[in-house]
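> Turn this into a structure:
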Amino acid sequence: MLLKLQQKSGITMTQAEKIKHQPATTVDIKTSDQQTFVAQLWDHHNPIATIHIVHGMAEHCLRYQPLAEQLQQAGYRVVSHNHRGHGDRLPQGHYADSRGWELVIDDMLQVQQQLCSDSAVILLGHSMGSFIAQGFAIRYGDRLSGLILSGSNYQSAFMYKAGRTVARVLKLFQGGRTQSKVMDRLSFGAFNNRFKPARTEFDWLSRDNQQVDRYIQDPACGHTCTLQLWIDLFGGLIEISQPGNLAHIPADLPIWLFAGECDPVGQNGKGVNALQQALTDSGHKNVSCTLYADARHEMLNELNAAEVRQEILNRINDMIR
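This is a model prediction of the structure:
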């Protein structure tokens, strides 16, 4: 595998052994609504392809640095950025006052147009980022050479419509920019049930206590989100739960799903298997799924994170052959 990778990228064995990862650089990205945000770029002098990583809810893109560095060392360019309302993009937990789902997806398009135009692109989305990645692939799937979805889920649009109705009612009384503890409890309140007695309220993220503690101690992680973000997100989830919309993703695009077997976001594997089936039923010919035994939501911060990073690299190598 490594020899084939080196032959494709033009890197000899000796050169490959000498390559060290370069630190990420920051690049200003202009948005379609005249904002500017910063993208992280782990560049490579002769990239095989570009890997675009999109993070999940209430976290930020720099948490993916170990994966980005490993992919860079293997010959890939890696780009990532914070979604609106995440990391350094304020107000915290808020996409926009309107059209938030569309604007978040358009930010991804701007990153790819400005940083990835000269190479094949593989999109990797985690959790909320996996949902946004599906929305992107529905619109711009012809830009992609592969799609990787981490910690994802699939269920009936009815559940999402009910959630959106609750958020809309709360918005009438509290305003769209209110960071909603009610929506947070309704969405995540039961996630720790399987892990009682729980050490923290975020035990569902990982079996690795150190990683859970880092998440809790990070001021850019674990925050609540606004009612308008929830309305936007539920609207996006309704969109991607429709088989007719999933059918707009190119049928021959390689798609790999992976998750922890005990991930409550993916209904302990049930929702991930349902997503694989929904994609297969909508005409996709190359969909595979891996569930890691005993693991929880953040596979890149799990006890077997090194194994998962290597498997991601293996899958990417297969996708760009």
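> Which stretches in the stretch 151-300 of the chain count as strands?
In the stretch 151-300 of the chain, strands defined by DSSP state E, counting those that start in this stretch lie at 255-260, 287-292, listed in chain order.
> Can you mark which positions in the following helix or strand past the last one are buried?
Following strand 287-292 in sequence order, the next helix or strand is helix 305-319 (DSSP states H and E). The neighbour-count criterion (16 or more other CB atoms under 10 Å) identifies 305, 308-309, 311-313, 315-317, 319 as the buried residues of helix 305-319. No exception for glycine: its C-beta is placed from N, CA and C like everyone else's.
> And helix 305-319, what does it pack against?
Using 3 or more CB pairs under 8 Å, 6 or more residues apart in numbering; DSSP states H and E, the elements in contact with helix 305-319 are helix 65-73, strand 121-126, strand 144-150, strand 255-260.
> right, so of the ones you listed, which gets closest to Phe195?
Distances from Phe195 to each of those were compared using CB to CB; the minimum, 11.8 Å, belongs to strand 255-260.
> For Ser145, which residues are in contact?
Going by CB atoms under 8 Å, 6 or more residues apart in numbering, Ser145 touches 49, 120-122, 253-254, 319-320.
> what's the distance between it and Val27?
Applying CB to CB, to the nearest Å, the value for Ser145 to Val27 is 22 Å.
> How far does stretch 259-269 sit from its chain's centre?
On the basis of CA atoms, centre = their mean, to the nearest Å, stretch 259-269 sits 15 Å off its chain's mean C-alpha point.
> Repeat that for stretch 201-217.
In terms of CA atoms, centre = their mean, the gap separating the centre of stretch 201-217 from the centre of its chain is 18 Å.
> What of stretch 133-142?
Here stretch 133-142 is found 13 Å from its chain centre; the criterion is CA atoms, centre = their mean.
> rewinding a little: out of the contacts of Ser145, which comes closest to Phe202?
The closest of the contacts of Ser145, once distances to Phe202 are taken by CB to CB, is Ile122, at 29.0 Å.
> Disregarding residues adjacent in the polypeptide, which is nearest to that closest one?
Counting by CB to CB, 6 or more residues apart in numbering, Ile122 lies nearest to Gly146, which is 3.9 Å off, once chain neighbours are set aside.
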